[in-house]
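*Asks:* From the sequence below, what's the structure:
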Amino acid sequence: TFDAPEKTKLGECARIEETIIGEDRLIRFSGCKGGEACTIVLRGASDQLLEEAERSIHDVLCVLSQTVATDKRTVLGGGSSEVLMSIAVDELAKKTAGKKALAIEGFAKALRALPTIIADNAGYDSADLVARLRAEHNEGRTYMGLN
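*Replies:* Sure, this is the predicted structure:
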């Protein structure tokens with residue numbers, strides 16, 4: 001505070017940038033050492049949409065906090081699991097004869113479609129991202145996913 005500067009706890013970050021969202025200007029701090037908090041900016045066409053988005057985020061955070069508290073296992077997201085499974089299923093298809101191989105290949109293709117859908121829904125170039133993701137997995141970095 002201005003009255004007692006000695007009580008102020010200062011932090012540091014790697015990058016400070018001004019971001020424009022719609023007509024609003026925000027200051028974004030990234031690469032913070034503590035990394036214990038974040039801000040989610042919600043914008044919507046109506047108060048009803050914003051309230052629904054806020055409820056959805058609240059629900060997700062409640063589920064995550066309960067999951068982390070009770071189960072320490074982690075499933076990697078961003079299409080990581082699906083790409084890993086599709087590679088394994090493709091390998092099985094190569095070892096399978098006949099029409100069964102076509103069905104197995106179809107399942108692998110369906111698994112590969114999920115990261116594409118994730119990237120498309122986020123507005124990214126899915127062809128480039130999924131190709132890079134598959135390359136990472138083929139290099140042995142199976143923990144990689146879309147960010």
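
*Asks:* So in that sheet, which strands flank the least confident helix or strand in the chain by mean pLDDT, and in what orientation?
*Replies:* When the helices and strands of the chain are scored by mean pLDDT, DSSP states H and E, strand 24-30 comes last with a mean of 80. Here strand 24-30 has these sheet partners by DSSP bridges: strand 15-21 (antiparallel).

*Asks:* re the thing from before, return the very next helix or strand once past the least confident helix or strand of the chain as PDB; C-alpha atoms alone will do.
*Replies:* Helices and strands here follow DSSP states H and E; after strand 24-30, the next one along the chain is helix 47-70. Below are the C-alpha coordinates for helix 47-70, written out as PDB (Å, rounded to 0.1, in the frame of the first residue of the first chain):
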ATOM      1  CA  ASP A  47     -25.800 -11.100 -19.100                       C
ATOM      2  CA  GLN A  48     -27.500 -14.500 -19.400                       C
ATOM      3  CA  LEU A  49     -24.700 -15.900 -21.500                       C
ATOM      4  CA  LEU A  50     -22.100 -14.500 -19.100                       C
ATOM      5  CA  GLU A  51     -23.900 -16.000 -16.100                       C
ATOM      6  CA  GLU A  52     -24.100 -19.400 -17.800                       C
ATOM      7  CA  ALA A  53     -20.400 -19.200 -18.700                       C
ATOM      8  CA  GLU A  54     -19.500 -18.300 -15.100                       C
ATOM      9  CA  ARG A  55     -21.600 -21.200 -13.800                       C
ATOM     10  CA  SER A  56     -19.900 -23.600 -16.200                       C
ATOM     11  CA  ILE A  57     -16.400 -22.500 -15.200                       C
ATOM     12  CA  HIS A  58     -17.400 -22.800 -11.500                       C
ATOM     13  CA  ASP A  59     -18.700 -26.300 -12.100                       C
ATOM     14  CA  VAL A  60     -15.400 -27.300 -13.900                       C
ATOM     15  CA  LEU A  61     -13.300 -25.800 -11.100                       C
ATOM     16  CA  CYS A  62     -15.400 -27.700  -8.500                       C
ATOM     17  CA  VAL A  63     -14.900 -31.000 -10.300                       C
ATOM     18  CA  LEU A  64     -11.200 -30.400 -10.800                       C
ATOM     19  CA  SER A  65     -10.700 -29.600  -7.100                       C
ATOM     20  CA  GLN A  66     -12.500 -32.700  -6.000                       C
ATOM     21  CA  THR A  67     -10.700 -34.900  -8.600                       C
ATOM     22  CA  VAL A  68      -7.300 -33.600  -7.600                       C
ATOM     23  CA  ALA A  69      -8.000 -34.000  -3.900                       C
ATOM     24  CA  THR A  70      -9.200 -37.600  -4.200                       C
END
